[in-house]
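Novice: any chance you could fold what I've pasted below:
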Amino acid sequence: MDIKSNTIRRRSNWLLTVFLLFCSLTVLIPMYITLTTAVKDRQQSANSLWALPTSWHWDNFSRAIAETGFWRALCNSLLLTAISVILAVLTNSMVAYAIARNMNRKGYKFVYYYIVSAMFIPFSILMLPLVKEMSLLGLDNLYGLIPLYVIYNLPFNTMFYVGYLETIPTSLDEAAMLDGANTWQTFWRIIFPLMGPANATVAILQTLWVWNDFMMPLVMISKQNQFTIPLTQYMFQSTFNTDYNLSFSSYTLAMIPMLIVYLFAQKQIIGGVAAGSVKE
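Specialist: Predicted coordinates for the structure are as follows:
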């Protein structure tokens, strides 16, 4: 029996290893193509997509920076991402706390499912009426994107926060109330500090989404001096020609900040997701 169990376990481990290897290749191969194409010239790219560069053209990066106005776009993306993430963490956590601590009361469960159901509505359905509404309000600009990002990710963040809050015992709330704290003080002084892993996870996922989003800035921003980094990369695309070398150089520059964020915060992401998936 033990021999049979060990055989099944080894076979399962082998299949899991193959699956993980395949998943790794789906990430590593595009990364390899991006990095090698970024330092090639057009002739090298046309000859072979897979070959290493025969000569390294580091000037592609300086040309990409100059042609896209990279530093202005970087400042726009940093400003948009920072404000959106801070507001999302502060407001979405409050919404989730109100729902999680009153889930057994009449109406709160309906509100929870109503908010979460918005995850199934694609942006393409909301796009045209949203653009029209924001234009009428004079918010079809960089700053108008901030409330959209905060609200649009509210369904997922609420679901995630509620799952995490269920791991925090309500006895802490009751003890704080007995000490004279109101609901506002209980949340900010007791509960919110305990939500550190969840806050870090939401902040990082929100950062990655806002930083890489292309569609919402495309339909909302018309002034070139307000372009985010994904929009500036679109400048290399045309109907009859695409400069792939400069495009991939620009992509590489855009990836660096998010790679740094993820490398330093991956423990918080994994910890927050694991904690939020366990219910007591």
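
Novice: drop to CA atoms for contacts and neighbour counts, all remaining ones
Specialist: Noted.

Novice: can you point out the buried residues in stretch 180-195?
Specialist: Residues of stretch 180-195 classed as buried: 181, 186-187, 191-192, 195 (neighbour count, 16 or more other Cα atoms under 10 Å).

Novice: using JSON lines, lay out those residues together with distance to residue 153, pLDDT and secondary structure.
Specialist: What follows is the buried residues of stretch 180-195, written out as JSON lines (distance: Cα to Cα, whole Å; pLDDT from 0 to 100; DSSP: H, G, I helix; E, B strand; the rest coil):
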{"residue": "181", "distance to residue 153": "31", "pLDDT": "88", "secondary structure": "coil"}
{"residue": "186", "distance to residue 153": "25", "pLDDT": "93", "secondary structure": "helix"}
{"residue": "187", "distance to residue 153": "21", "pLDDT": "94", "secondary structure": "helix"}
{"residue": "191", "distance to residue 153": "22", "pLDDT": "94", "secondary structure": "helix"}
{"residue": "192", "distance to residue 153": "19", "pLDDT": "94", "secondary structure": "helix"}
{"residue": "195", "distance to residue 153": "18", "pLDDT": "92", "secondary structure": "coil"}
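
Novice: from the residues you listed, which is closest to residue 26?
Specialist: Among the buried residues of stretch 180-195, residue 195 lies closest to residue 26 (Cα to Cα), at 33.4 Å.

Novice: pop the domain breakdown of this protein in here.
Specialist: By the assignment in automatic domain parsing, the chain contains the domains 1-57, 58-276.

Novice: point out the most buried one among those.
Specialist: A comparison of the domains of the chain by mean neighbour count, using mean count of other Cα atoms under 10 Å, puts domain 58-276 on top with a mean of 17.

Novice: the lowest-mean-pLDDT helix or strand in the chain - contacts with which helices or strands?
Specialist: Across the helices and strands of the chain, mean pLDDT, DSSP states H and E gives its lowest value to helix 244-276, namely a mean of 76. In terms of contacts (3 or more Cα pairs under 8 Å, 6 or more residues apart in numbering; DSSP states H and E), helix 244-276 is packed against helix 2-38, helix 42-47, helix 59-68, helix 154-165, helix 196-212, helix 229-233.

Novice: quick check: mean pLDDT of the fifth one?
Specialist: Averaging pLDDT along helix 196-212 gives 89.

Novice: just the C-alphas of it, formatted as PDB.
Specialist: Output of helix 196-212 as PDB, limited to C-alpha atoms (Å, rounded to 0.1, in the frame of the first residue of the first chain):
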ATOM      1  CA  GLY A 196      -2.000  45.300   7.400                       C
ATOM      2  CA  PRO A 197      -1.500  42.200   5.200                       C
ATOM      3  CA  ALA A 198      -4.800  42.700   3.400                       C
ATOM      4  CA  ASN A 199      -4.100  46.400   3.000                       C
ATOM      5  CA  ALA A 200      -0.700  45.600   1.500                       C
ATOM      6  CA  THR A 201      -2.200  43.100  -0.900                       C
ATOM      7  CA  VAL A 202      -5.000  45.400  -2.100                       C
ATOM      8  CA  ALA A 203      -2.500  48.300  -2.500                       C
ATOM      9  CA  ILE A 204      -0.100  46.200  -4.600                       C
ATOM     10  CA  LEU A 205      -2.800  44.700  -6.800                       C
ATOM     11  CA  GLN A 206      -4.400  48.100  -7.200                       C
ATOM     12  CA  THR A 207      -1.000  49.500  -8.100                       C
ATOM     13  CA  LEU A 208      -0.300  46.900 -10.800                       C
ATOM     14  CA  TRP A 209      -3.800  47.400 -12.300                       C
ATOM     15  CA  VAL A 210      -3.700  51.200 -12.400                       C
ATOM     16  CA  TRP A 211      -0.100  51.400 -13.600                       C
ATOM     17  CA  ASN A 212      -0.700  49.000 -16.500                       C
END
